[in-house]
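In: Sequence first, then the predicted structure, then my questions.
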Amino acid sequence: MFRSIFRTATKQQPKAILNRSFSAVPTYRLPKVNTKSGYSNSRNYSRETFFESHHGKSAIVVVGSAICIGVFAYQGYVIFFGPGSVYPSQVRKLLKEGGDAFLQPESKRNLDHAINYYTQALELINTKYSSEKYMERDSPYVTGIVARIAEVYLEAGNKEMAIEYFKNLLNRVFSKEELLDYKLVVKKLVSQKKTDPNLENSMRGIGTISKLAEAYENIGDSKLPPGFNLNRNNYGTIPEYKVADELYTWILNTVLSSYYLHFNKPKTQSFSLGGNYDDITDDILLSDSYPDFNPKTLPPYLSEYLVVSLLYNASNFYSKIGKYDLASPLLQRSLDLLGKSKNAKNETNVCKSCVLMTHLVSIAKEQNEIEAAKFYTEKGINIAKEFTDNEECLKSLVSFVFADGYLKEMDKRYSESRIEYRKALELSKSLEYEEGIANATESIERVSNLMSS
């Protein structure tokens with residue numbers, strides 16, 4: 001169990017890791033999270049992973065973990081920039097042309113034309129209309145255009161230009177000081193009313209940092225040398241991973257700290273709206289009053305979907321770089337939110353919960369936490385069966401059945417293990433799920449050899 005949700009590192013001088021248009025984010029220690037989703041294990045993670053042990057020499061993959069991260073992709077940074085009537089006629093015409101080029105079925109899109117028209121519209125606002133009402137540089141109507149340009153560049157596969165526009169947007173909605181100290185943004189969030197137009201910009205900024213982190217993460221992925229054994233001790237040798245780590249840390253500290261203060265405001269007078277929040281200190285953030293990660297206790301500006309998305313995306317990155325002690329609690333908190341939702345039993349939430357649990361199974365296996373792996377595998381099989389027409393649930397079921405075979409193989413129950421692998425193979429074939437087919441086929445062959453030896 002982790003002692004607290006939040007802990008910041010001692011003050012340190014942040015390194016200049018980004019270019020002139022975006023100030024560096026200091027690496028605060030990540031929020032520490034208690035386990036509330038059904039399983040906990042307080043022992044330290046072993047250094048030798050299951051795959052490195054003599055039992056795990058063959059590369060066995062939990063196929064469900066290959067489900068696209070887009071299942072939880074938070075798109076809050078791309079809010080349509082507003083009714084056309086607020087824009088000058090020349091700008092409005094350019095935005096319409098950009099929309100006609102971009103907002104089409106994929107086969108009919110013209111991304112180059114969309115970028116051209118949207119950037120012309122932004123340049124026209126910057127040079128001619130920035131003093132007019134609604135056209136100020138930090139107006140949501142303007143930052144929305146910047147977000148759209150970044151989105152189109154991402155769609156075009158130009159991550160470097162997307163990053164430039166993400167940074168442009170952040171410089172419009174956050175000050176340099178706010179980017180250096182997340183507590184300043186927390187103060188802004190908890191003191192703003194839901195109707196405050198600046199709140200939209202704050203949330204758009206948080207969503208933008210999430211997308212910026214993903215973009216750096218993806219660039220880091222492309223720079224990994226073949227056969228590179230990525231882990232928590234060497235991920236910093238990939239500069240883009242280091243930046244992504246700092247950005248995800250900023251997001252988690254900002255979102256979870258604002259949730260903490262909202263959750264505790266009835267208990268502490270200084271947390272009431274309208275306070276100056278000068279007393280947001282490490283002592284407060286280290287107190288024993290933890291958010292319960294129930295959608296009913298979230299502040300109005302933090303939706304269940306937003307928080308689950310941000311926690312999931314961060315956990316996916318931390319799992320990738322071997323920081324399982326951070327990834328697992330974030331996934332468990334996401335499960336808490338989905339499980340306590342008023343729509344907890346509907347198809348969408350059940351199947352998203354299954355996706356989360358496939359990652360928890362994978363982390364547990366990687367860390368030789370066999371009991372945890374069994375717990376989430378059994379639970380996952382039971383709930384994934386409820387919606388087998390849903391692709392997320394069905395792919396998760398493949399993962400859980402495969403994991404069940406894997407766990408039985410580790411117990412040397414080879415006959416039972418082969419049965420589960422065959423089930424996973426048949427499910428994968430029905431989905432035309434190539435990775436599942438390849439892994440199940442390999443595992444069947446391996447277990448059959450063990451049975452005959």
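Out: Done, it's in. Numbers count the residues shown, from 1 in each chain.

In: okay, and the helix or strand of the chain with the least pLDDT?
Out: Sorting the helices and strands of the chain by mean pLDDT, DSSP states H and E puts helix 282-285 at the bottom, at a mean of 46.

In: Tell me the first helix or strand C-terminal of it.
Out: Per DSSP states H and E, the first helix or strand lying C-terminal to helix 282-285 is helix 304-320.

In: Check which helices and strands the very next helix or strand once past that following helix sits against.
Out: As assigned by DSSP H and E, the chain's next helix or strand after helix 304-320 is helix 324-339. Packed against helix 324-339 by the contact rule (3 or more C-beta pairs under 8 Å, 6 or more residues apart in numbering; DSSP states H and E) you find helix 304-320, helix 347-366. In short, each C-beta sits where N, CA and C put it, glycine included.

In: wait, which of those helices is closest to residue 147?
Out: Among the helices and strands packed on helix 324-339, the nearest to residue 147 by C-beta to C-beta is helix 304-320 (15.5 Å).

In: What mean pLDDT does that closest one get?
Out: Per-residue pLDDT over helix 304-320 has a mean of 91.

In: Also stretch 358-368?
Out: 91.

In: Would you mind listing the buried residues in that stretch?
Out: Neighbour-count burial for stretch 358-368, counted by 16 or more other C-beta atoms under 10 Å, picks out 358, 359, 360, 361, 362, 363, 364, 365, 366, 367, 368.

In: Then stretch 148-167?
Out: 148-154, 159, 161-167.

In: sorry, back to before: including distance to residue 227, could the helices and strands packed on helix 324-339 go into CSV?
Out: Formatted as CSV, the helices and strands packed on helix 324-339 follow (distance: least, C-beta to C-beta, whole Å):
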stretch, distance to residue 227
helix 304-320, 16
helix 347-366, 18
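
In: out of these, which comes closest to residue 203?
Out: helix 304-320 (7.8 Å).

In: Return the closest one as CSV; C-alpha atoms alone will do.
Out: Below are the C-alpha coordinates for helix 304-320, written out as CSV (Å, rounded to 0.1, in the frame of the first residue of the first chain):
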residue,chain,number,x,y,z
GLU,A,304,-14.9,10.6,-15.2
TYR,A,305,-13.9,10.0,-18.8
LEU,A,306,-11.2,12.7,-18.6
VAL,A,307,-9.6,11.4,-15.4
VAL,A,308,-9.7,7.7,-16.5
SER,A,309,-8.2,8.7,-19.9
LEU,A,310,-5.3,10.7,-18.4
LEU,A,311,-4.5,8.0,-15.8
TYR,A,312,-4.7,5.3,-18.4
ASN,A,313,-2.4,7.1,-20.9
ALA,A,314,0.1,7.9,-18.2
SER,A,315,0.1,4.3,-16.8
ASN,A,316,0.6,3.0,-20.4
PHE,A,317,3.8,5.0,-20.6
TYR,A,318,5.1,4.1,-17.2
SER,A,319,4.5,0.4,-17.9
LYS,A,320,6.4,0.8,-21.2
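
In: and that helix, how far from the chain's centre?
Out: 3 Å (C-alpha atoms, centre = their mean, to the nearest Å).

In: Which other helices and strands does that helix contact?
Out: helix 197-223, helix 239-264, helix 324-339, helix 347-366.

In: Okay, angle between the first one and helix 239-264 too, please.
Out: Per axes from the mean of the first three to the mean of the last three C-alpha atoms, to 10 degrees, the angle that helix 197-223 makes with helix 239-264 is 150 degrees.

In: Show me what counts as buried in helix 197-223.
Out: Those would be 199-217, 219-220, for helix 197-223 by 16+ other C-beta under 10 Å.

In: Next: stretch 443-450.
Out: For stretch 443-450, using 16+ other C-beta under 10 Å, the buried residues are 443, 444, 446, 447.

In: Between all of those residues, which two are separated the most?
Out: 444 and 446 (7.3 Å).

In: wait, doesn't residue 263 sit right on residue 291?
Out: Yes: Residue 263 lies in contact with residue 291 (C-beta atoms under 8 Å); the separation is 4.3 Å.

In: Could you list every helix and strand in contact with the helix or strand residue 376 falls within?
Out: Secondary structure assignment for residue 376, by DSSP H and E: helix 370-384. Judged by 3+ C-beta pairs under 8 Å, 6+ apart, helix 370-384 is in contact with helix 347-366, helix 391-410.

In: how about these in a markdown table, adding distance to residue 123?
Out: Output for these, formatted as a markdown table (distance: least, C-beta to C-beta, whole Å):
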| stretch | distance to residue 123 |
| --- | --- |
| helix 347-366 | 40 |
| helix 391-410 | 41 |
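
In: Tell me which of the ones you listed approaches residue 235 most closely.
Out: Of the helices and strands packed on helix 370-384, nearest to residue 235 by C-beta to C-beta is helix 347-366, at 15.2 Å.

In: what's the distance between stretch 329-348 and the middle of its chain?
Out: On C-alpha atoms, centre = their mean, the centre of stretch 329-348 falls 15 Å from that of its chain.

In: should've said stretch 167-174
Out: Worked out by C-alpha atoms, centre = their mean, stretch 167-174 lies 21 Å from the chain centre.

In: With only the CA atoms kept, save it in PDB.
Out: Output in PDB follows, covering the C-alpha atoms of stretch 167-174 (Å, rounded to 0.1, in the frame of the first residue of the first chain):
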ATOM      1  CA  LYS A 167       3.500  24.500 -27.500                       C
ATOM      2  CA  ASN A 168       2.000  27.600 -29.100                       C
ATOM      3  CA  LEU A 169      -1.400  26.700 -27.500                       C
ATOM      4  CA  LEU A 170       0.200  26.200 -24.100                       C
ATOM      5  CA  ASN A 171       1.900  29.600 -24.200                       C
ATOM      6  CA  ARG A 172      -1.500  31.100 -24.800                       C
ATOM      7  CA  VAL A 173      -3.300  29.500 -21.900                       C
ATOM      8  CA  PHE A 174      -0.600  29.000 -19.200                       C
END
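
In: for the record, mean pLDDT for that stretch?
Out: When pLDDT is averaged over stretch 167-174, the result is 94.

In: Now do the buried residues in that stretch.
Out: Result for stretch 167-174 [16+ other C-beta under 10 Å]: buried residues 167, 168, 169, 170, 171, 172, 173, 174.

In: Surely the second one touches residue 143?
Out: Read that as residue 168. No: with contacts counted by C-beta under 8 Å, residue 168 stays clear of residue 143, the gap being 9.1 Å.
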